[in-house]
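Colleague: Below are the sequence and a predicted model for it; my questions follow.
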Amino acid sequence: MVFYKTLPVVAVSVAGMFAASAVIAGGTAAAQPPLRHIQYTVGASQDIANAEIYWRQIDPPDWGAYSHNPYEFTPNAEVNLGPNQAWVYETWLADPDQWAMVVVGLPAQSTPPLAEPGFVCELKVDGAVVATDAGTKGALCSVRPW
């Protein structure tokens, strides 16, 4: 009699565990798309100290989270650049068409523009160049128009 009462409880528990595992496994696989390798490269046609660089380091969970606090997902660095001194950063993103971005600009509004071509940037996704830009005051590399 004890065995009879225990068996249904164990059977329900095992069935429940399999159902929960299937839901968790299915939910996890659907929630995490494969990550793509991102490489940002920024340079300048002349030496410049403290150029401002912002880049997307991680995918925001959604547009609302990004809008609420973009700097949580977009670090900043002041970098010395020049013809032989590029800045290169690599990361992994799930949706580079939406989020991959690097922008570089002058350290201050009073800083004179650089000689042509000025700042240059390159964005690679999985080893393929998907965006380039150049400008005397700044450059933006992104697949998505900002």
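Modeller: That came through, no problem. Residues are numbered from 1 along each chain as shown.

Colleague: Low-confidence stretches in the chain?
Modeller: 1-31 (pLDDT under 70).

Colleague: Quick check, residue 46 in contact with residue 115.
Modeller: Yes: applying C-beta atoms under 8 Å as the test, residue 46 and residue 115 come out as touching, 5.5 Å apart. Every residue, glycine included, has its C-beta placed from N, CA and C.

Colleague: quick one, strands of the protein?
Modeller: For the chain, the strands defined by DSSP state E cover 36-44, 48-55, 76-81, 87-93, 101-105, 119-125, 128-135, 138-142.

Colleague: buried stuff in the first one?
Modeller: To tie it back to what came earlier, the one meant is strand 36-44. Under the neighbour-count criterion of 16 or more other C-beta atoms under 10 Å, strand 36-44 has 36, 38-44 buried.

Colleague: Return the list of strands paired to it, each annotated with direction.
Modeller: According to DSSP bridges, strand 36-44 forms sheet pairs with strand 87-93 (antiparallel), strand 119-125 (antiparallel).

Colleague: same thing with the third one?
Modeller: Note on strand 76-81: by DSSP bridges, its sheet partners are strand 48-55 (antiparallel).

Colleague: Thanks again, I'm all set now.
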